[in-house]
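# Give me coordinates for this.
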Amino acid sequence: MDLVLSNDFSQLSTMDEMLVEGGDWAEFGYAALGTVSIAAAPIALAAGQPWAAVALVGNGLYQFGNL
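Alright, predicted model coming up:
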């Protein structure tokens, strides 16, 4: 603990913990949709659909851009 405090780091107070925002359901949805879209792109590419793979990656990046 002394090493942490000597490097100007400290634990969050209770008031600071109340101010931390973890996001809401919309941000969770954007992150989940973006992840699934990008993860599905190689499957579309393996199925012989290169334009679908490009569309999935584009959609995933769009979803991540909304975060």
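# Every contact and neighbour count from this point should use C-alpha atoms.
Noted.
# Show me the shaky parts of this protein.
Flagging of the chain using pLDDT under 70 yields the residue ranges 1-10.
# Spatially central, which residue of it would that be?
Closest residue to the average C-alpha location of the chain: A31 at 4.7 Å, with C-alpha atoms, centre = their mean.
# name the helices or strands packed onto the host helix or strand of that residue?
In this assignment (DSSP states H and E), A31 forms part of helix 25-46. Applying 3 or more C-alpha pairs under 8 Å, 6 or more residues apart in numbering; DSSP states H and E, one finds that helix 25-46 makes contact with helix 50-65.
# in the helix it packs on, what's buried?
Across helix 50-65, burial judged by 16 or more other C-alpha atoms under 10 Å covers 52-54, 56-61, 63-64.
# Restricting the selection to alpha carbons, write it to PDB.
Listed next in PDB are the C-alpha coordinates belonging to helix 50-65 (Å, rounded to 0.1, in the frame of the first residue of the first chain):
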ATOM      1  CA  PRO A  50     -17.400 -10.700 -49.000                       C
ATOM      2  CA  TRP A  51     -19.800  -7.800 -49.200                       C
ATOM      3  CA  ALA A  52     -21.700  -9.200 -46.200                       C
ATOM      4  CA  ALA A  53     -18.500  -9.400 -44.300                       C
ATOM      5  CA  VAL A  54     -17.700  -5.700 -45.200                       C
ATOM      6  CA  ALA A  55     -21.200  -4.700 -44.100                       C
ATOM      7  CA  LEU A  56     -20.900  -6.500 -40.800                       C
ATOM      8  CA  VAL A  57     -17.500  -4.900 -40.000                       C
ATOM      9  CA  GLY A  58     -18.900  -1.500 -41.000                       C
ATOM     10  CA  ASN A  59     -22.000  -2.000 -38.800                       C
ATOM     11  CA  GLY A  60     -19.700  -3.100 -35.900                       C
ATOM     12  CA  LEU A  61     -17.600   0.000 -36.200                       C
ATOM     13  CA  TYR A  62     -20.700   2.100 -36.400                       C
ATOM     14  CA  GLN A  63     -22.000   0.600 -33.200                       C
ATOM     15  CA  PHE A  64     -18.700   1.200 -31.400                       C
ATOM     16  CA  GLY A  65     -18.800   4.800 -32.700                       C
END
